[in-house]
Every structure is written in C-alpha cells, then in structure tokens.
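what follows is a predicted protein model with its sequence.
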Amino acid sequence: MSTASAEVVAASGLTATTLFTYLIVPALVLWVVYYRMSRRRLYELAAKLPGPEGLPLVGKGLEFIGSPHDIYTRVNKLGLEWEDKPVVKVWVGPRLLVFLKDPRDVEIILSSHVHIDKSPEYRFFKPWLGNGLLISTGEKWRAHRKLIAPTFHLNVLKSFLDLFNQNSRAVVEKMRKHNGEAFDCHDYMSECTVEILLETAMGVNKKTQNQSGFEYAMAVMKMCHILHIRSTKVWLRPDFLFNLTSYAKDQVKLLDVIHTLTKRVLKKKKETYEKNKSAILNSIPMPTVGIKEEKKAEEKVKDKTVVEGLSYGQSSGLKDDLDVDEDVGEKKRLAFLDLLIESAQNGVVLTDEEIKEQVDTIMFEGHDTTAAGSSFFLCVMGTHPEIQAKVIQEIDEIFGDSDRPCTFQDTLEMKYLERCIMETLRMFPPVPIIARELQQEVKLNSCDLSIPAKCTVVIATVKLHRQPDTYPNPDVYNPDNFLPENCANRHYYSFVPFSAGPRSCVGRKYAMLKLKVILSTILRNFTVHSPTKLEDWKLQADIILKRTDGFKIQLKPRKKQTVA
Ligand code: HEM
C-alpha cells in the first residue's frame, strides 16, 4: 500500500485485516454463491444419482491416494458396494464423476456425435500429444479423423504383413535367450510394437532405428506413470504445483527422448518425400508371400464378409468409419505418415506441428495398448495350458511343420486364437476407462435418471466387461464367450475394448492383425508357462491396464529354431 493510501486507511480507522474482511470475504462469498447457482442443475441431478456422498469438500477424493494398485483395488471395491446400480456417482472434490456400466447407457455416449469431448484429465497429455487425434475435439478432430482413418484401411494393413512377420520372428529370437527362465515379457512386447509402428505406420527403416525403439518404449512407460500420478493426486493437477515437483523435471527429460524420435522420424520422411515424390507411393512395403493365393482368398472372404465385426475387435453389429467398404483407391493407399506429408504438400491445411502431434499420438496409442494386450494374452496362456493347447493345435493345423511366414488368409483362419484374444481384451482391456466431458444433459436408458452437463462420464470397460448378467462367470477366462451363438443375443455395447462409434479406436484392425501375427509366431515356437495364478495377479489402472507384479512368463521351445 502506498504511503498516501495507507494514511487514508489509517484516517478512516481501517486496518489491513478489516479491509480484507470487508472486501475479500464478501467477494469470496459472492463467488461461491454464483458458482453454486451456476451448477444448480448439476447438484439437483447428482443428488438423485446413487453413489457414496463422501466427505465435505473432498468427496471420495481420498480413495485416490496411494499406489496405482491400491487405487485400483479401492475403486474396484467401491464399485462392488454399488454393484446393483446401473449408474454410480462419485464426487472427487468439486468434480462429479458418473460411472456407467449398463450397455444401453454406454451406447448413448459412445454412439453419439455430440458427446465427443474428452474429460479434463486428458489435458495432462497435452505437452506430449498436443492436439492429436486422441485429445482434440470439434471440427479439428473431425477433419483429422477423416484424413487418418483411411490409412488404417485393410488394404494398407495387408501390405504390412511382411514387417509384422519379420518383427515377430525377431522378438522370438530375443526371448529365446531366456532359456526357460522366468522373465517379464512386457518389455519385449513393448519394444517389438514400437519397432513395428516405426516401420509400418511411420515407414522408418529398421537400420536407422538403432536403440531408439527400446529407449522410446521405456520413456513412454515412465510418462504414463507420471500422467497417472497427476490424474489421481489432486494436488498435482494445477500446473504451478506440478512444476515444483521432480515429476515435472522427469517429464521434461522423457518428452525430450520421445519428441527427439518423433522429430527425427518426421525429418527423414520429409527428406525422402522431397527427394523422390513418386517413390513415396512405392515405399509401402508390398507382401511378397503367396500374392495369388491371397487374392483368391480375399475374393472368397469378400463374399462372406467375415473380415468385419469380431475378427477386428468389436461386436459384429457395430460399424464405424473403419468399416467403409469402398476401396480408397490404389493411389490413396498410403501408410499413415506418407499420407499426412502428402496431404500437407497438396493443399490440406496441416502444419508440421500438427503432423508431429498425430505421429506422437499414433506412436503412444498404437504401442502401449498392444504391448499390454499381448502381454496379458501370453500370461493367460501360461495359466491355462488346456486352452493354450487348443490354440497351438489350430496354429499347427494352419502351418503344419512349415516355418513359412503368416499370411492374411492365415489370420482369418485363426478363429480360436481370435476368441482367446477377445476374451483377453474382455477381462483385461488395455484401456480400462473411457472418459468424456458432457456438454449436454443425458437421459439414461437403463433407468429413469439423467446425468447432468459438465460432469465427467466414465465408462469403465474393466467393469462393463465383467457384468454377470452379460457374461456368466465373468471372472473366469473362457474364450467360448465369443462363440457366435454366445455373442448373438449380447448387447453390442457390452464389449468395447476399442471403444465404439465415431471416436472408436482408429487402429483397431491394425492391432488385431498385428496381435494375430505376433502371438501365433510366438506360439509356433514356444509353449508358455506362467508362475502366478490369474486370481493372484495384481492389477493397476495406469492409463493403460498393467500388472503391478509384472508380466512374468517362462518359455519352452516347441521345435527346431525358425530362421529370423
Ligand atoms: C489392443 C490394442 C488397442 C486397444 C485396446 C485400443 C483401445 C482404444 C480405445 C479404448 C480408444 C478410445 C479412447 C478414448 O476414447 O479415450 C482408442 C483410441 C485411439 N486409438 Fe486405440 N487401441 C489399441 C491399438 C491402437 C493402435 C495399434 C493404434 C494406431 C496404430 C491406435 C490408435 C488410436 C487413436 C489414434 C485413437 C484416438 C481416436 C479418436 O479419438 O478419434 N490404437 N484406442
């Protein structure tokens, strides 16, 4: 306070404390009244929703303290207490979270073209993924989705089979050195999926990758951990507090590793593009095995339309923009990064920064999810030898004694393996929650209740996929859950590991094809044993679902070594 104003205050007999009381306190009270009035409808509807009331001010915020496994266990327990309700509200401080687990309600959210905004927690991804497809919304998201979805067309994916095969064989050779010893398979799956992504979607040659795949995968894992900590520890949410912690310093270092790789990938690709524009079209690797037979098989498949639906990770009644039948045309069949660069050169408004954000998004979404899915699969096989034997029998019927690479037609014949992958994604969905910020009130289908605008809707796939009225014995691993006759009467939205509707996973078909090639190659070479029973696994919902106790497996060679 200046001397003059201090004198005025002194003359009027006011002290700084009374000034505070007379000005700041009423302003604060007015703000609180305004804040509550503007959220009146939210409180009104929230009061009618079932769920724990929690403590004043913090609600159930304290449930989110502790290790990722503790949080997972506590939130799961909370879910069990409200098991009989189709919808459960949870207050975390001033935030209202509404958990949905009835497929009829899940359908309202996921099938909507309106409820597409991600929840505020996704903003923690911003320094990493910018405004990439996972986070963006509105017109930007719509335009980029339209551009990117065709790059995951089956015709593009089929051209990746050689690379899927080569990398699967490489990981088999790397894992062989454990010689029957127990080891954590997640690091291998992680490295392998990063390398496959670099070679396929990004078109980066293996020779130029060096150690970067492994380093990148480790940096991504650590970043996910930091993001998880931020979204669960309320005090780390504001940037100014987070920036004071060692997590912020670690984040800077990790993002440096991640973005260095992305920038390098982008630079290389642009140089190639400039050097020889026409060579870009030819740079998509073409399959070299059994092309004629593939063509015949494809025609057969087209007649039967068996390639959609469950084969590619979603209930057969669901369709999204990945299921468009018309071929995008020879010229347009570009791999992801080639298409983005070409589009930017040909007048589509796409800045270098936007391309980088999409590359980061695809690298993250495309790698950690598949690494978790394949690691869970191997562990499940290891704990269910009788089911593993059936998968191996199917694979042997397809390949016999041959070491030939896997073709697209082979993947279509892996029906039992497919059901086992589906069942793994049911029990252990790599993306355990899908969260949206509602801009409009929503009337639920399962009951006579509405959820308010401005709340966060959470679809916990880990819960949705284990509803006993949909899946008898939901905690028992049973691939027969995905027999056609058992799927027939099930609600389409009761199985959404890749989400569904307009914001479904753009890499769904890519992931399924890649999983079939990697996992069949591993089981052509080894039988898997897993030392810990499935009931004893310790899970943590760390953005991506993981095992706190690690993905330990032992491999026993089945036959002579394949040539890598
Ligand atoms: C087993 C593997 C995978 C699973 C379980 C999975 C699951 C999901 C889920 C649940 C979402 C919706 C997330 C949300 O709404 O918050 C999603 C979105 C997305 N996924 Fe995947 N994913 C997998 C593999 C992949 C792959 C291989 C790629 C790319 C190569 C990919 C790219 C994306 C992208 C870009 C989005 C954002 C789409 C949008 O918002 O329009 N995913 N994924």
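Structure's in. What do you need? What you see is a predicted model; the values in this text were computed from it and never measured.

the bottom helix or strand of the chain by mean pLDDT?
helix 291-304 (a mean of 46; mean pLDDT, DSSP states H and E).

quick one: name whatever helix or strand follows that helix.
Moving toward the C-terminus from helix 291-304, the next helix or strand (DSSP states H and E) is helix 336-345.

from the ligand, how far off is Ile434?
4 Å (C-beta to the nearest ligand atom, to the nearest Å). C-beta: built from backbone N, CA, C; applies to glycine.

what's near enough to touch that residue?
Neighbouring residues of Ile434 by C-beta atoms under 8 Å, 6 or more residues apart in numbering: Leu110, Val458, Ile459, Thr461, Val496, Ser499.

helix, strand or coil for it?
Here Ile434 is strand, with the state taken from DSSP: H, G, I helix; E, B strand; the rest coil.

hey, what's it bridged with?
Ile459 (DSSP bridges).

from Ile135, how far out is it?
13 Å (C-beta to C-beta, to the nearest Å).

please apply the same query to Lys253.
22 Å.

quick one: the helices in the stretch 451-564 of the chain?
461-464, 484-487, 508-525 (DSSP state H, counting those that start in this stretch).

about what we covered before: near the ligand, from the contacts of Ile434?
Among the contacts of Ile434, the ones lying near the ligand by C-beta under 6 Å from any ligand atom are Ser499.

out of the contacts of Ile434, which one sits closest to Ile229?
Val458 (18.5 Å; C-beta to C-beta).

quick one: contacts for the closest one?
Contacts of Val458 (C-beta under 8 Å, 6+ apart): Leu97, Val98, Phe99, Leu100, Ser119, Ile433, Ile434, Ala435.

ok, so of those, who is nearest the ligand?
Ile434 (4.4 Å; C-beta to the nearest ligand atom).

and that closest one, what's its pLDDT?
Listed pLDDT for Ile434 reads 94.

ok so Leu57 is a strand residue?
No. Assigned with three-state DSSP, Leu57 falls outside any strand and is coil.

apart from its neighbours in sequence, what residue is nearest it?
Spatially, and ignoring its direct neighbours in sequence, Leu57 is nearest to Gly93 (6.9 Å; C-beta to C-beta, 6 or more residues apart in numbering).

roughly how far does that neighbour sit from the ligand?
From Gly93 to the ligand the distance is 22 Å (C-beta to the nearest ligand atom).

same question, Gln166
Counting by C-beta to the nearest ligand atom, the gap from Gln166 to the ligand is 18 Å.

select the longest helix from the protein.
helix 352-383 (DSSP state H).

I'd like the next helix or strand past that one.
Immediately after helix 352-383, counting by DSSP H and E, sits helix 385-399.

tell me what the helix or strand following that next one is packed against?
Past helix 385-399, further along toward the C-terminus, the next helix or strand under DSSP H and E is helix 408-413. If contacts are counted by 3 or more C-beta pairs under 8 Å, 6 or more residues apart in numbering; DSSP states H and E, helix 408-413 sits against helix 291-304, helix 385-399, helix 508-525.

verify the stated contact: Leu340 with Gln358.
Yes. Between Leu340 and Gln358 there is a contact at 6.2 Å, judged by C-beta atoms under 8 Å.

any residues in contact with both of these two?
With C-beta under 8 Å, 6+ apart, Leu340 and Gln358 have common neighbours Ile148.

end to end, how far does stretch 533-546 reach?
End-to-end distance for stretch 533-546: 16 Å, by C-alpha to C-alpha, to the nearest Å.

and it, is it in reach of the ligand?
No. Stretch 533-546 lies apart from the ligand when judged by C-beta under 6 Å from any ligand atom; the minimum separation is 8.6 Å.

ok, now which ones touch the residue nearest to the spatial centre of the chain?
By C-alpha atoms, centre = their mean, the chain has its centre lying nearest to Val431, at 4.5 Å. Val431 makes contact with Thr369, Thr461, Pro497, Ser499, Cys505, Ile544, Leu545, according to C-beta under 8 Å, 6+ apart.

out of the residues you listed, who's nearest Phe125?
For these, the nearest to Phe125 is Ile544 (12.6 Å; C-beta to C-beta).

could you give the bridge partners of that closest one?
Asp542.

can you count the residues close to whatever residue of the chain ends up closest to the ligand?
Closest to the ligand within the chain is Gly507: 2.1 Å, counting by C-beta to the nearest ligand atom. For Gly507, the count of nearby residues is 25 (other C-beta atoms under 10 Å).

okay, it and Ser112: tell me how far apart.
21 Å.

for Ile518, same thing?
34 Å.

Lys126 now?
Lys126 is 24 Å from Ser112, by C-beta to C-beta.

identify the residues contacting stretch 112-123?
By C-beta under 8 Å, 6+ apart, the list of residues contacting stretch 112-123 reads 108-109, 134-135, 137, 141, 231, 435-440, 442, 456-458, 501-503.
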